[in-house]
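# Curious how this folds, go ahead:
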Amino acid sequence: MKRDISNLILSVRNTMKDFSTGEMTIEQAREEYSALETRYTALRDRIEPGVNTGCLESICYYHNIENYSILSALVSVSADHFNTLLYYGSKSLLEKIVTPLKEHIHAGTQSGISRIPPNTEKGLAHTIHCSLLKTTGEERIFFIALSSSAYFTESSFIYTSSILKKLLFGQSIYISSFSHFENVEKSIRDFTFLNCDREHAVIAHIFTFPRIVRTFSHMGTAAMLDASRSIADTLGSITRLPSEHFVLSIKDYLLLVKHRKNDPATALPRKPVFSYNNIVIPHTYQEYRLENETALFTLWPDALTDTSTAKRGQ
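Sure, this is the predicted structure:
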């Protein structure tokens, strides 16, 4: 189910991108839209309220990772009651958002997208980002996220909210072509384009950490995020050559390094050791040579698909 949702989201994103850049005609877009609508309807029929919530929780999980949030949740709120429908993050934080959300409802200040600022006097040190998905009488159903990070983006929050609203209620708030992965992909393409020439190539080093979730999940989402940042920091310190690293998921990371073509050695100057709180994080490793930007079309399916990650031990 999770793979089906991810593939559908990717297909929608690519269709929008192709149409907006003129690579797809109106007729082709209409045909693709019809096919996507059929896939969406089939997927929606497999999601029953209260039953198949694992895939929805995984969306909250990925939002935490992608958008620097410590809690993402779907909640039902009125002036008198609060109910958590699904969430990913620290359960203790749910207790701290009950009163602010009820007051938010009572004040009538909520709109499609709104924010509740931190209130340290009430024990809330983070901003609550709110997206109103549905209104039924006095009840409001929100997708909410807690974050204090400067890297949190409203566009990514709205994108995730739109997916949840479409899956649950068959409606969309606002479909943006922006997402964390599109932003990352553009940066990867830019680095490759700028650093590939007659004398230089780019070496793509892919690191996969198949047991990171199992190792740190009992310590909470914050620990997994910290472990992920520790991995990224280590990648940033491996080489002095022009390089850039990317977090593709909690498990997968990419390090791009500029490489002189007449130098046969492509391996990293030192073997990295990844750890968090003195716990070594095991990893697998792959290396790809990119002679030009076009080589990325080979890298994506060969190195970053479900099949390839399975080969790497996930």
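# In the chain, mark out all the strands, start to finish.
71-77, 82-89, 113-116, 127-136, 139-147, 200-208, 243-247, 252-260, 275-276, 279-280, 284-290 (DSSP state E).
# Can I get the second one as CSV, trimmed to CA atoms?
Only the C-alpha atoms of strand 82-89 are listed here, as CSV (Å, rounded to 0.1, in the frame of the first residue of the first chain):
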residue,chain,number,x,y,z
PHE,A,82,-10.2,16.5,21.1
ASN,A,83,-9.5,13.2,19.4
THR,A,84,-6.2,12.0,17.8
LEU,A,85,-7.0,10.1,14.6
LEU,A,86,-3.4,9.2,13.7
TYR,A,87,0.0,10.6,14.4
TYR,A,88,3.8,10.1,14.2
GLY,A,89,6.1,11.6,16.8
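# Flag every buried residue along that strand.
Of all the residues in strand 82-89, those buried under the rule 16 or more other C-beta atoms under 10 Å are 82, 85-89. All C-beta atoms are positioned from the backbone trio N, CA, C, and that covers glycine.
# again with stretch 139-156
Buried, per 16+ other C-beta under 10 Å, within stretch 139-156: 140-147, 152-153, 156.
# Dump these to JSON lines, plus pLDDT and distance to residue 113.
What follows is those, written out as JSON lines (pLDDT from 0 to 100; distance: C-beta to C-beta, whole Å):
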{"residue": "140", "pLDDT": "86", "distance to residue 113": "13"}
{"residue": "141", "pLDDT": "88", "distance to residue 113": "14"}
{"residue": "142", "pLDDT": "91", "distance to residue 113": "10"}
{"residue": "143", "pLDDT": "93", "distance to residue 113": "10"}
{"residue": "144", "pLDDT": "94", "distance to residue 113": "11"}
{"residue": "145", "pLDDT": "94", "distance to residue 113": "11"}
{"residue": "146", "pLDDT": "93", "distance to residue 113": "15"}
{"residue": "147", "pLDDT": "90", "distance to residue 113": "14"}
{"residue": "152", "pLDDT": "86", "distance to residue 113": "13"}
{"residue": "153", "pLDDT": "82", "distance to residue 113": "12"}
{"residue": "156", "pLDDT": "79", "distance to residue 113": "12"}
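# and those residues as TSV, adding distance to residue 66?
TSV is the format used below for the buried residues of stretch 139-156 (distance: C-beta to C-beta, whole Å):
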residue	distance to residue 66
140	25
141	22
142	19
143	14
144	16
145	11
146	15
147	11
152	10
153	9
156	6
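# Tell me which two of the buried residues of strand 82-89 sit farthest apart.
82 and 88 (17.7 Å; C-beta to C-beta).
# Residue 276: how many residues sit nearby?
20 (other C-beta atoms under 10 Å).
# Contacts only, for it.
When contacts are counted by C-beta atoms under 8 Å, 6 or more residues apart in numbering, residue 276 touches 216, 223, 226-227, 230-231.
# are any of these buried, and which?
Buried among these by 16+ other C-beta under 10 Å: 216, 223, 227, 230-231.
# Quick check: of those, which lies closest to residue 271?
The closest of those, once distances to residue 271 are taken by C-beta to C-beta, is residue 231, at 14.6 Å.
# list the contacts for the closest one?
Contacts of residue 231 by C-beta under 8 Å, 6+ apart are 207, 209, 247, 253, 274, 276, 281.
# Next one, pLDDT for the residue nearest to the fifth one when sequence neighbours are not counted please.
Okay, so that is residue 274. Distance criterion C-beta to C-beta, 6 or more residues apart in numbering; nearest residue to residue 274, sequence neighbours excluded, is residue 281 at 4.5 Å. Reported pLDDT at residue 281 in the predicted model: 91.
# Would you quantify the distance from residue 281 to residue 271?
For residue 281, the distance to residue 271 equals 14 Å [C-beta to C-beta, to the nearest Å].
# Settle it for me: which of these two has more neighbours?
More crowded of residue 281 and residue 271, by other C-beta under 10 Å: residue 281, with 19 against 8.
# mind listing what that one touches?
209, 211-212, 215, 227, 231, 274-275.
# In JSON lines, list those residues along with pLDDT.
Shown next, in JSON lines, are those (pLDDT from 0 to 100):
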{"residue": "209", "pLDDT": "89"}
{"residue": "211", "pLDDT": "84"}
{"residue": "212", "pLDDT": "84"}
{"residue": "215", "pLDDT": "82"}
{"residue": "227", "pLDDT": "83"}
{"residue": "231", "pLDDT": "89"}
{"residue": "274", "pLDDT": "91"}
{"residue": "275", "pLDDT": "90"}
